[in-house]
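S.K.: here is my input, please return the structure:
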Amino acid sequence: MMTPAEVDALVKPLTIKDLRVQTRVRGLSPAGGMEALRDRLKEHMLETKDFAIKSETGEDLAVVNVTAGQASSDAAGGTGKNNYVRPAGQNVGNFITDRCSSRVLAPPGGSSQIVFGDGDTKTGTSNNNYSRPSGQQNVGNFITDKPSSRVHAPPGGASQIHFG
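M.R.: Numbers count the residues shown, from 1 in each chain. Here you go, the predicted structure:
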């Protein structure tokens, strides 16, 4: 015999689809929202003393308690054991060491080369599409009367003033 609180705990994790299946196989109306379906199912379970979760065909399903990290096949067979469970908590016993937990594959900021003097540098090749041989970016620019950008609307938006 289950108490109403235990029946509530049994029915609470069911989705609306599961609740409708449970009401249909028991001959109850599957209409209504989640709360109405839960109440209808709990009331029926307490009246009939049938606390089994049923499949769509009406057969009783085995209830298996599964722990996180446990394979479902192990849980169904009853042989499962979670090797990572600790009674005091998950992160008890952890500590910080001087050893890095990850390997650095490249230095921060990427690889860079600084050459002072006459080092072996490749001349004439650059990944910069806008580079100039002299090294100065804005050399040769000049101002004309033609605007370089088009104004679609005046600043502040279009305005209309009517007098009269």
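
S.K.: mind pulling up the pLDDT for Val66?
M.R.: Per-residue pLDDT puts Val66 at 51.

S.K.: now do Glu35
M.R.: In this model, Glu35 carries a pLDDT of 93.

S.K.: swap in Leu61?
M.R.: Leu61 is given a pLDDT of 78.

S.K.: and if you look at Leu41?
M.R.: So Leu41 comes in at 93 (pLDDT).

S.K.: what's near enough to touch it?
M.R.: 11, 19, 22-23, 26, 28 (Cβ atoms under 8 Å, 6 or more residues apart in numbering). Using the backbone N, CA and C atoms, a C-beta is placed for each residue, glycine as well.

S.K.: drop anything exposed from these.
M.R.: Buried subset of the contacts of Leu41 (neighbour count, 16 or more other Cβ atoms under 10 Å): 11, 19, 22-23, 26.

S.K.: can I get the helix ranked longest in the chain in PDB, CA atoms only?
M.R.: Identified as the longest helix of the chain according to DSSP state H is helix 34-48. Only the C-alpha atoms of helix 34-48 are listed here, as PDB (Å, rounded to 0.1, in the frame of the first residue of the first chain):
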ATOM      1  CA  MET A  34      -0.900  18.000 -16.800                       C
ATOM      2  CA  GLU A  35      -2.300  18.800 -13.300                       C
ATOM      3  CA  ALA A  36      -5.700  17.400 -14.200                       C
ATOM      4  CA  LEU A  37      -4.100  14.200 -15.600                       C
ATOM      5  CA  ARG A  38      -1.900  13.800 -12.500                       C
ATOM      6  CA  ASP A  39      -4.900  14.200 -10.100                       C
ATOM      7  CA  ARG A  40      -7.100  11.800 -12.100                       C
ATOM      8  CA  LEU A  41      -4.300   9.200 -12.300                       C
ATOM      9  CA  LYS A  42      -3.400   9.500  -8.600                       C
ATOM     10  CA  GLU A  43      -7.000   9.200  -7.500                       C
ATOM     11  CA  HIS A  44      -7.500   6.100  -9.700                       C
ATOM     12  CA  MET A  45      -4.300   4.500  -8.400                       C
ATOM     13  CA  LEU A  46      -5.300   5.000  -4.800                       C
ATOM     14  CA  GLU A  47      -8.800   3.700  -5.400                       C
ATOM     15  CA  THR A  48      -7.800   0.500  -7.300                       C
END
